[in-house]
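Novice: Sequence and predicted structure, then a few things I'm wondering about:
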Amino acid sequence: MPRRPDPDLEGKILDAAQKLWRKGGEKALTMRAVAKAAGTNTPSVYRRFRDRDDILRALLQRIRLEVAAVLESVFSPEEGCERYLDYALSHAHEYELFFQKEYELFHSARSRRTGVKTVGRPGKDAMKRKLAAKFGASPEDYEQMQAALWMVAHGAAMLMIAKTIPPEKLVEGRAVFTRTVATLLREASRS
């Protein structure tokens, strides 16, 4: 009797890849290591993912959805910024995909040549909806404010992850971040 393909194998592969990435970043993620961690063989991984970049794209999209779920669950843009920073700090290797790989995987000339489709950014859309709920108008009216908040949150995350803000100064750095977000939102309410 022929073996049946495992319908959950793609999820198992991505789970294994995410665990490997979380432990060791890019160096830990090889097709062979993913196959072993997923309990399968390398050809099975290649049947589902063309190459390592395909796995990274799927991981990046999965992480985008995790961040979006966090942002959907908050009550305010302020809380959204705080939870975004929490996610980045508690998932530093996963967050690395955002700042190191997104352009290369989705927007570069090389990715366009290979036919990669750009995917949406559900976290960005969630934050624009939170801003619209707080201030009124349409989510599309908050493109620039969302970008400003993201730049502040991303900058804070990178400074903290890289330990440019040393661990003993994290509380102070976090307070500066919170005040900066409050100031941006206060200015937004005036305009």
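Specialist: Cool, the structure landed.

Novice: ok, and the helix or strand in this structure with the lowest average confidence?
Specialist: Least confident helix or strand of the chain, by mean pLDDT, DSSP states H and E, is helix 109-113 with a mean of 75.

Novice: so what does that helix touch, helix or strand wise?
Specialist: Contacts of helix 109-113 with other secondary structure elements, assessed using 3 or more C-beta pairs under 8 Å, 6 or more residues apart in numbering; DSSP states H and E, are absent: no helix or strand is involved. Heads up, the C-betas are built off the backbone N, CA and C, glycines and all.

Novice: show me what contacts the closest residue to F49 other than its chain neighbours?
Specialist: With C-beta to C-beta, 6 or more residues apart in numbering as the measure, I55 is the residue that lies nearest to F49, at 4.9 Å, once sequence neighbours are left out. Contacts for I55 (C-beta atoms under 8 Å, 6 or more residues apart in numbering) come out as I13, L14, A17, L29, M31, V34, V45, F49.

Novice: Show the model's pLDDT score for I55.
Specialist: Confidence at I55, expressed as pLDDT, is 93.

Novice: Next, the buried residues of the helix or strand encompassing it.
Specialist: Counting by DSSP states H and E, the element that carries I55 is helix 52-72. In terms of neighbour count (16 or more other C-beta atoms under 10 Å), helix 52-72 has its buried residues at 53-64, 66-68, 70-71.
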